[in-house]
Structure formats: C-alpha cells, structure tokens
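Q: Here is a sequence together with a model predicted from it:
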Amino acid sequence: MNTLNEVSELAAAYDLVVIGAGPAGMAAATLAAGAGVSCLLVDENPAPGGQIYRGIGSTPLTERRLLGEEYWKGAEIASAFAGSAASYLPQATVWQLSPERELGISRGGRTRMIRATRVIMATGALERPFPIPGWTLPGVMTAGAAQILLKTAGVAVSGKVVLAGTGPLLWLIAAQYLAAGKRFDAILDTTPKGSWRKALSELPRFLASPYLRKGLRLMATVRGSARVISGVTALAAEGSDHLTQVRYTVAGRESVIDADHLLLHQGVVPNINMASASGCAIDWDDEQLAFVPRVDAWGATSVGGIAIAGDGAGIAGAEAAAERGRLAALDALAALGRITPEEKARRAAPIRAIVARYDRGRAFLDRLYRPAEQFRVATDATVACRCEEVTGGQIRDVVANLNVLGPNQLKSFLRCGMGPCQGRLCGLTVTETIARTRGVDPAEVGYYRLRAPVKPITLAELATLEHSEAEIKTVARG
Amino acid sequence: MYQRLPEPGGMPIPFTLDGRRLEGRAGDTVAAALLAAGVETCRTSAVGGAPRAPYCMMGVCFECLVTIDGVGNRQGCLVPLQAGMAVETQLGHGKRELAR
Ligand code: FES
C-alpha cells in the first residue's frame, strides 16, 4: 500500500474509493488494487484494522493468547492490504459522499473534494445504544471501548468493574479481560429469559455454523472465572460526578453493587449515517432490531455506483465482512470493465459458499441475544439523546401531546439527534421510543433524515478547499 | 481507574492537561493517554454542564471532546498523542475552531 499523509497527495479521481479500513474495506481494496484499478482506501483511525482488528499492526499486547486467535486472523488481511498497490489515507474524515460519488475528505485541518467511479462503504458497525439511568456518568463506557483501550494501548479498566448486557461480543470481551489477568466484580447478563425458547427453531442451523464451538468455549471460560448474574431486568448507573454503584433487578428483587466502572454492551448495529446521507434506501430489520441499508447480493445500494460491504450492510461478523468486501470489489471490477461477468460469477462462487456458512448461525444469535425492550426504549428519567440531553419522558410528552409522528419532526421541538454525534447514539432509541408511544411499528416511524456533512467539519477546514466552480457547488448542495 | 498491562509498552510521550504535566505512551490516542493518566472526566456537557468521559473510543459518541493546541472540539479518541501537546478540558460548547 502507498500511505498518503495529506489530502494534497490525493488524485483528483479514482476508479474505486473504499471508506473504512476494517476487514471488509481492507479485503475490497486489496482485491481491486490487485486487478490494476486505481484504488484509494480512506480511514478515520491511525492504522488499518477497523474496530474488530483495531491495532492489529501496532498493539502492545503481542502475546497472542491475550486477544485470542480470532483477533489475529486480522493480521493476514492487514498484511495482504499492506502488500497491495492501493493508496491509503489514514486519520482522515469523509464528511460527504454525494450520490454522484463526489467525496469531501479532511485530514489535519485541510480538506479536498475528489471523485470516484465506484465507491464501497465499509463503515462497519457501532454498539447499540444502551439507554439506562446514569449512562452518561464518567465511569460508564461501552464494553467495546474498554476492548479498544486494551487492544490499542494495553490499558485495562480496573478497580471495581461491572460488565453488563448481552450478545456474543460481551463474552469475547470478558474472556479477553480475564486472559489479561483482570477481573470483574460481576457480569450482569440482561439476555431475556425466554430467548432460548424463541431461538430454538434456529438451533439446527446454528449447530452447523462456525460460531458454535468458539461461542461455547468463550462462555464456559468466563462463567468458570467470574460471577455471572443472569436474568437482569433493570439496570441503573448511580453516582454524582462519577459512577459509585450499579443498581439492578433480578426476579423482581433490587440489589446494589459498588462499582468504579460499568461496561455496557447489547450487540452491534450497522453504522448507517453515511449511507443514509448519500441517499441510499434504508429499511427497518425486525430480526436485527435496526435500520439496515437495502443492498443486493453484491452489496450494491439503491444509489448507482455505491456499494456497502461488511457489517454496515447488516451484521454478519468479521469473517463474513472480509468476504463481503471481496464480493463488492468483484462487482466494482466488472462494472469498471476489468473482468467479464463470467469471471465475476466464477470468482464469487467460492466466496459465497463461505458467506453462507457464516450466515447459518446468525438468526439463532439474533434471537438469543435480542435485547429486551426496556433496554432499548428510554424510561422517563433516562437520557435518550446524550448530546442534547433529552430524556425518554420529554420524547413521550412531545409525541403524545403535540402529535409528532417521527424523529425528524421531533428535532424541531427537542433538538434530539442534532448534536455532534448526529443521532448515532440515540437514533434507534428515539425511533423505538416514538414507536412505543404511538403504538406503531418502528418501520413506520422511520429514522433521522441525515445530510452531509456526516461528521462535523469546521469553517476553517472548508476554507482550505480549492475553489473551483464544481467544488463550490458540491459543498453548497451538501 | 485504569491500569497499563505489564507488557513492554511504547516510548513515554510527555504532554499537558490544563497546564499540568502528564505522560502517555507512543501509540496512545489523546483519550487513552488521559484515561491511563487517571483523568476520567475530559469535559462538561454543552446543555447541562454535567461531567462527561469518553464512552465509545471509536469516534461515534463525541463524548471525548477536548481542546488540543488551542483547537476546540477535537475527538480525543481519534487523535494520536504527540509529544508536547497542550490538551485542555473542554467546558460546555468549547472553544471555537478559529485558531486555524
Ligand atoms: S469516545 Fe466516543 S467519539 Fe471519542
């Protein structure tokens, strides 16, 4: 790969621009560059890896058993990318992707507009919002954040630590912490009691999936060495300026546990901000309880020339993400005339077989780890929108009394979703809270309408644009 | 609190927070260095002035906003730490970015 350090080093146009350097983005860029197309990979982080393989080339935790073999699979994808001819711009923000595939890219306070014939968004997933009372207190962070600290800096949360939530990643993170010699005061499992029953019909397919062995092994390790409390139906973080205790309910009985840290996790959902702002059609997925961009078997969205690969197009996990990146790259190569449709189909066949294998266990996991409604809808006193500090009670009030139908209308009354995170931490909560209040389906309520810039950009950065006529128009349209 | 694991770490990197001398390691982001140095609150919220701390460490929540070398509203979890950086706790909406 050819690492670029400034936006001034970018070409004015590329055959393919890939956004995001996780498994999907790295695999897509590697395959495409191998076929000789001009390919740029832009990423926000200082090094390739995305979130799942964060710090893969630079982690101080070189002892392999600490982060586990699954993590080190990322090294192969990263080294193939490092050996490719693709250009790579790290620490950069793509603040706009227009339907005409004009991209606004900033790095180090300077910005450029470039063009792409094809775009693959590999913008991945983010942790589902977990709105509980007190979740804005210092001392509370996502379990994923604690994992990133561990991977990138070798820094572990310590003292009195409580891990709470549900989902396969919760157990993975717990196992990594335990392997690093850390402990938890308690693991509060919020998986709803009836979930096993609902997931049962998907069990046979799960048994044939690669998740089984790995998942069971992780759970056994964790249960063997930490105090796991199951059936948690309510959670609250308490303290004045910092977390001091966690309150939780099991079988109707409330308990309190002292805590310096509370790590929250209840699954991951696609990061749809850029897809939505680029005009890609988005649908509500009731199995994954999330909004998911509409894509075909190659990852192509409803907008011509723009594809999505990896978890950003629906959660399927890291291994599947790399394969989905390759499929999207093959589709781009065919569209660019570099391979014939026959070659595309031939090369895609073995990749599809792998994707199908990973697909098998998904429905089971989605059902088993479906987060309970009380952890998805904000209670009256719980902050739903962290940026503008809007509570569930305020949302319910406005929806019921002012006849507000959806999140976009809600913005003008409460400003929720208008802070710097642009709804990433409240969008699903707000949609589901409105849906509950109105007694309708989240699909009917819809999601925030998003516009560029998808990440805040300063006026000073905009001022660094070279002001060609076309560029000014692009910005004005955003 | 936060602890560094006893693995061989990167080079020490000196920086300041509100004028106070602190030390991070090569490879840290600003947010990671602050947490490892025992700084658990990096800003106050824009509406209610409540203390806030990094929440996602992956660039989506904007809870890690700090002022770095005079420029406000920077995402500490995305900025690699560099020697001599002057980091400031961000109060409310923070400094405007006109410095550049
Ligand atoms: S901690 Fe969430 S954006 Fe930095």
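A: Now that the structure is in, tell me what you want to look at.

Q: Would you mind naming what in chain B lies close to the ligand?
A: Residues of chain B lying near the ligand by CB under 6 Å from any ligand atom: B:31, B:54-57, B:59-64, B:75, B:77. Just so you know, the C-beta spots here come from the backbone N, C-alpha and C atoms, and that holds for glycine as well.

Q: Sort out for me which of those residues are in strands.
A: residue B:75 (DSSP state E).

Q: Let me know how buried the residue of the stretch 1-150 of chain A found nearest the ligand is, in neighbour terms.
A: Closest to the ligand within the stretch 1-150 of chain A is residue A:145: 6.5 Å, counting by CB to the nearest ligand atom. Using other CB atoms under 10 Å in any protein chain shown, residue A:145 is surrounded by 29 other residues.

Q: Next up, identify which helix or strand it is on.
A: For residue A:145, the element it lies in under DSSP states H and E is helix A:143-153.

Q: swap in residue A:224?
A: helix A:211-225.

Q: Show me what that helix is packed up against.
A: When contacts are defined as 3 or more CB pairs under 8 Å, 6 or more residues apart in numbering or on different chains; DSSP states H and E, helix A:211-225 packs onto helix A:168-179.

Q: List of residues touching the helix it packs on?
A: A:65-68, A:70, A:143-144, A:146-147, A:150, A:156-157, A:163, A:183-184, A:187, A:211, A:215, A:218-219, A:221-222, A:225-226, A:263, A:265-268, A:365, A:369 (CB atoms under 8 Å, 6 or more residues apart in numbering or on different chains).

Q: Show me where chain B has its helices.
A: Along chain B, counting by DSSP state H, helices occupy B:30-36.

Q: ok, which stretches of the stretch 201-350 of chain A are strands?
A: Along the stretch 201-350 of chain A, the segments classed as strands by DSSP state E, counting those that start in this stretch run A:228-229, A:232-238, A:245-250, A:253-258, A:261-266, A:268-270, A:282-285, A:290-293, A:306-308.

Q: Does residue A:162 fall in a helix, a strand, or a coil region?
A: Classification of residue A:162 by DSSP: H, G, I helix; E, B strand; the rest coil places it in strand.

Q: can stretch A:140-157 be found next to chain B?
A: Yes: using CB under 8 Å from any CB of the partner chain, stretch A:140-157 reaches chain B at A:140-142, A:144-145, A:148-150, A:152-157.

Q: Run me through the strand neighbours of the following helix or strand past the helix holding residue A:145, direction for each.
A: Where DSSP H and E defines the elements, the next helix or strand beyond helix A:143-153 is strand A:155-157. Within its sheet, strand A:155-157 is paired with strand B:2-4 (antiparallel), according to DSSP bridges.

Q: So which bits of the strand it pairs with are buried?
A: B:2, B:4 (16 or more other CB atoms under 10 Å in any protein chain shown).

Q: Can you list the neighbours in contact with that strand?
A: A:149, A:153, A:154, A:155, A:156, A:157, A:158, B:25, B:35, B:36, B:38.

Q: So, low pLDDT: which residues of the stretch 301-450 of chain A?
A: Within the stretch 301-450 of chain A, no stretch has pLDDT under 70.

Q: Now do the contacts for residue A:305.
A: A:101, A:116, A:117, A:118, A:119, A:335.

Q: Same list (the residues you listed) but as a markdown table, adding distance to residue B:2.
A: Output for those, formatted as a markdown table (distance: CB to CB, whole Å):
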| residue | distance to residue B:2 |
| --- | --- |
| A:101 | 42 |
| A:116 | 41 |
| A:117 | 46 |
| A:118 | 43 |
| A:119 | 38 |
| A:335 | 48 |
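
Q: Can I get the buried part of the residues you listed as one PyMOL selection?
A: Command for PyMOL, covering only those of those found buried under the criterion 16+ other CB under 10 Å:
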select buried, chain A and resi 101+116+117+118+119+335
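
Q: just checking, residue A:275 touches residue A:308?
A: Yes: using CB atoms under 8 Å, residue A:275 makes contact with residue A:308 at a distance of 6.0 Å.

Q: Just the contacts of residue A:305: which are in strands?
A: Using DSSP E, the members of the contacts of residue A:305 that fall in strands are A:116, A:117, A:118, A:119.

Q: Apart from its chain neighbours, what residue comes closest to the second one?
A: The one in question is residue A:117. residue A:15 (5.1 Å; CB to CB, 6 or more residues apart in numbering or on different chains).

Q: which residues touch the residue of the stretch 1-150 of chain A closest to the ligand?
A: Residue A:145 sits next to A:263, B:54, B:55, B:56, B:57, B:58 when contact means CB under 8 Å, 6+ apart.

Q: Go ahead and flag the most central residue of chain A.
A: The residue lying closest to the centre of chain A (CA atoms, centre = their mean) is residue A:125, at 1.4 Å.

Q: And the pLDDT at that residue?
A: In this model, residue A:125 is scored at 96, pLDDT.

Q: Look up phi and psi at it.
A: phi -120, psi 170 (degrees, to the nearest 10).

Q: and it, what does it touch?
A: A:51, A:268, A:269, A:270, A:271, A:311, A:312, A:315.

Q: about what we covered before: which pair of the residues of chain B next to the ligand spans the longest distance?
A: B:31 and B:60 (12.8 Å; CB to CB).

Q: Now do the strands in chain B.
A: Going by DSSP E, chain B shows strands at B:2-4, B:12-17, B:20-25, B:43-44, B:51-52, B:65-68, B:71-75, B:86-88.

Q: quick one: the helix or strand that residue A:411 is a member of near chain B?
A: Assigned by DSSP H and E, residue A:411 belongs to helix A:407-414. No: judged by CB under 8 Å from any CB, helix A:407-414 stays clear of chain B, getting no closer than 11.1 Å.

Q: Fine by me, thanks again.
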